[in-house]
Structures are given as C-alpha cells and as structure tokens.
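J.: Build me a model:
(one chain, ligands or ions: 2)
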Amino acid sequence: MFAAPRLSAVAKRAFSTSTSSNAAKVAVLGAAGGIGQPLSLLLKQSPLISHLSLYDIVNTPGVAADLSHINSNSKVTGHVPENNGLKDALTGCDIVVIPAGVPRKPGMTRDDLFNTNASIVRDLATACAEHCPKAHILVIANPVNSTVPIVAEVFKKAKVYDPKRLFGVTTLDVVRASRFVSEIKKIPTEDAKITVIGGHSGVTIVPLLSQSGYKFTEEEVKALTHRIQFGGDEVVKAKNGTGSATLSMAFAGARFTNSLLEATVAGKKNVVEPTFVQSDFFAKEGVDFFATNVELGANGVEKIHPIGQVNQYEQGLIDAAVPELKGNINKGKAFINKA
Ligand SMILES: NC(=O)c1ccc[n+]([C@@H]2O[C@H](COP(=O)([O-])OP(=O)(O)OC[C@H]3O[C@@H](n4cnc5c(N)ncnc54)[C@H](O)[C@@H]3O)[C@@H](O)[C@H]2O)c1
Ligand SMILES: O=C(O)C[C@H](O)C(=O)O
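T.: Ligands and ions are numbered 1, 2, ... in the order given. Model prediction:
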C-alpha cells in the first residue's frame, strides 16, 4: 500500500477550487519502470496535477489505462515513441520527472551506468528543450551527479537553459537519513530532520549530523554517515541483481514533485527541499552543481540555503566529496560538448 502524499492546507485549498489554471501538466519519462510506476501512482493522487503524461519506450498505454481508473481529478495519458509520442507527452508540460534509465546491479557504482544512461538522458533532455523549454526538469536517472550537467548542457546548446528550473532529485538521501537517525535515537521521523549536501553517490553524499540538534557518539556518527552514503547499496544487494531502490525512490520523488507543485502551482511560501542544483559554493574548485537545502518558489529555485556550520569530521567529508563531484560533473559536460 502506498502512502498518500502529504497535502498542505494550500494544496487542499487549490483542490477545492481546482481549475486547469491552478493545476499542472506533469510528465514522467520512464513511467513504466520500477520507479516510474509507483511514482506515477503517487502523483495520480495530487490535486495539483491536471494532466499526468506517462512516457516510456514500452508499456505506458497499459500503465496509463490502469491509473486512469483512479477517481482523482487528473487526466492520464500514455505515450510510446511511435506517432510523435514523446512530443505529445511533453508539449505543455510544467514539470518533467525523469527516472528513465538502467538501474545498478550488485558490484556496480552509479558511474558504471553512465555509458547507457547518459545518452538516454541527453535524448530526453533534447526533446524537453524543444517541446517544453520552460518546464521544471527533475532528474532521477543515475548517475545524478553527471546526468544533471548533461541536461544543463543540452539546454544551453538549445539556448533555453534556466538554472532555476533544473533539479537533481537527492530527496532519497534525506528520507533515508531521517529514517536511520529515528531508528537510532528512537524518535519519530518527523523529528529527525537531517541535512544532506553534496551529490548523489557514495562519498559525495555528505550528511551534516551536527546540525540535527541531536548528540551522537563518534561511533554512531561514523556508522550513520556510512549508512546514509551507501544506503543505495543495501537495496541493490538485497534485490540481488533485480534492480535498485524503486519504492522508496518513488516516495522520495513524489515528495519532491509535490513540494515543487506546492511552490509553483499553489503559491506556498517557505517550501524547502534538498536538491542538486547549479550553485557557486565550490565554483572556485570547478564544481558548479551542489546539493543543499533550497527554497522553492514560483519559478523554481528561489533561494539556495547556506551550508551552515560544519564540524571537522564533516569538513573532511566535504573535502572528499568535492574532487569526486568535479570529475562526475565534468564527465557529464564533456559527453555533450565532445566534438
Ligand atoms: N536519484 C535517485 O535517488 C535514484 C534512486 C533510485 C534509482 N535511481 C535511478 O533511476 C533510474 C531508473 O531506475 P528503475 O529502477 O526505475 O529502472 P527500471 O529499469 O525499472 O525502469 C527504467 C525505465 O526506463 C525506461 N527507459 C529506458 N530508456 C528509455 C528512454 N529512452 N525513454 C523513456 N524511457 C526509457 C525503461 O523502459 C524502463 O521502463 C536508474 O538510473 C536508477 O539508478 C535514482
Ligand atoms: O543505489 C542506486 O543505484 C539507486 C539510487 O541512487 C539509490 O540511492 O538508491
């Protein structure tokens, strides 16, 4: 059973007066996949979506027909590549969520997915730049540290890049951090708000436990940090060759999409989510994308929150993350800008 999305009073008000002008067209690209299906189910419950547009290279007509029987108010359409399917899926979109791409198997890093997923994301981004250049693009496909710069470069080439509208979805890292800390501290998850910064792979995932308001032993900090950084591997190992996190990712992807809808469609203020966006914290080191808490507004990124105070251990984590991030980001950029 999937949890219903959290609806704020603002979203409920928008629902009660729902018209097409205060609800959005949202596309999910890769909608028939392990993440795509449960994510689409969760999004079907949003009163802030008027049209849920599902695209995949296979099986979306069936997924769309199934979801379309749910008696929430959004229309659902399914699209495959034939007959201009991608164009129809994207035209008029306000938000595009991209979980299209292959997942890891045991023994692989996220970077090992680059060879397959870079071209999938490039081609989908090219279509977005053409058919919905003003849409907010939410990238789930791994390696996020490289696929987000790929989308940026494609949009730059098409002269439609707006850094306020491009997001790497790193929500799963804070969802995990909250759950893992709540288990150790025996507190409700809503009281375990953990800031996670950096990127979305291994050592680039940097939890700032010192900012949580809780005290941890040195041993707890090391164990928790490792578990948050490598939480994805736990799932990949347990799934034993059949994929990576899908259900928790769908939950996290829906949380981020719903937050963006609340900020962009319902006009809610002070909506803050962690996300991997263009930012200049480490521009001097050649790192122009970085995940931090970001306030979302009508046009996407409203305000990038500062990293805040970190302790010596966390500074060491940041120092390890930055060069790795630089390599991942440059790899994505080079893929688009190669001769
Ligand atoms: N950002 C994160 O936190 C996070 C978390 C979990 C997984 N992921 C990543 O999300 C991606 C998807 O994972 P999954 O488990 O859903 O995989 P999956 O294989 O179950 O689903 C991927 C879907 O993408 C579709 N697809 C492939 N090429 C496509 C194209 N050109 N256009 C449209 N659709 C296409 C496939 O047909 C498939 O239905 C992976 O890259 C995975 O690593 C990211
Ligand atoms: O671990 C993976 O490959 C998928 C995802 O990035 C995750 O964090 O679960």
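J.: Any residue of the helix or strand where residue 196 lies touching ligand 2?
T.: Residue 196 is part of strand 195-198, with elements assigned from DSSP states H and E. No: applying Cβ under 6 Å from any ligand atom, one finds strand 195-198 separated from ligand 2 by no less than 11.4 Å. For every residue, glycine as well, the C-beta is placed using N, CA and C.
J.: now could you export just the CA positions of that strand as PDB?
T.: Backbone C-alpha positions of strand 195-198 (Å, rounded to 0.1, in the frame of the first residue of the first chain) are rendered in PDB as follows:
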ATOM      1  CA  THR A 195      20.600  18.000   6.200                       C
ATOM      2  CA  VAL A 196      22.400  16.100   3.500                       C
ATOM      3  CA  ILE A 197      24.500  18.100   1.000                       C
ATOM      4  CA  GLY A 198      26.900  17.400  -1.900                       C
END
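J.: Residue 249 against residue 144, yeah?
T.: No: counting by Cβ atoms under 8 Å, residue 249 stays clear of residue 144, with 11.3 Å between them.
J.: More neighbours: the two, which one.
T.: residue 144 (26 against 23; other Cβ atoms under 10 Å).
J.: Wait, a strand at residue 148?
T.: No: counting by DSSP: H, G, I helix; E, B strand; the rest coil, residue 148 falls outside a strand, being helix.
J.: hmm, the host helix or strand of residue 252 in reach of ligand 1?
T.: If you go by DSSP H and E, residue 252 is part of helix 247-264. Yes: counting by Cβ under 6 Å from any ligand atom, contacts between helix 247-264 and ligand 1 involve residue 249.
J.: That helix: what's the following helix or strand?
T.: Of the helices and strands lying after helix 247-264 in sequence (DSSP H and E), the nearest is strand 271-282.
J.: From the contact counts, what lies against the strand holding residue 196?
T.: Contacts defined by 3 or more Cβ pairs under 8 Å, 6 or more residues apart in numbering; DSSP states H and E place strand 195-198 against helix 171-185, strand 205-208, strand 271-282, strand 287-297, helix 312-337.
J.: Now stretch 301-315: buried residues?
T.: Across stretch 301-315, burial judged by 16 or more other Cβ atoms under 10 Å covers 301-302, 304, 307, 310, 314.
J.: Can you give the contact residues for it?
T.: With contacts defined as Cβ atoms under 8 Å, 6 or more residues apart in numbering, stretch 301-315 is touched by 163-165, 167, 195, 197, 206, 208-211, 221, 263, 272, 277, 279, 281, 292-297, 318.
J.: State the distance from the residue in the chain that ligand 2 sits nearest to to residue 173.
T.: Using Cβ to the nearest ligand atom, the closest approach of the chain to ligand 2 is made by residue 232 at 2.3 Å. Going from residue 232 to residue 173 by Cβ to Cβ, to the nearest Å gives 9 Å.
J.: Could you list the contact residues of the protein toward ligand 1?
T.: So the chain meets ligand 1 at 29-30, 32-36, 55-58, 99-104, 113, 117, 120, 124, 140-142, 144, 169, 172, 200, 243-246, 249 (Cβ under 6 Å from any ligand atom).
J.: Narrow those residues to those in helices?
T.: Per DSSP state H, helices hold the following members of those: 36, 117, 120, 124, 144, 172, 249.
J.: Quick check: phi and psi on the residue of the stretch 1-150 of the chain found nearest ligand 1?
T.: Closest contact between the stretch 1-150 of the chain and ligand 1, by Cβ to the nearest ligand atom, is at residue 33 (2.0 Å). Dihedral angles of residue 33 (phi, psi; degrees, to the nearest 10) stand at phi -90, psi -170.
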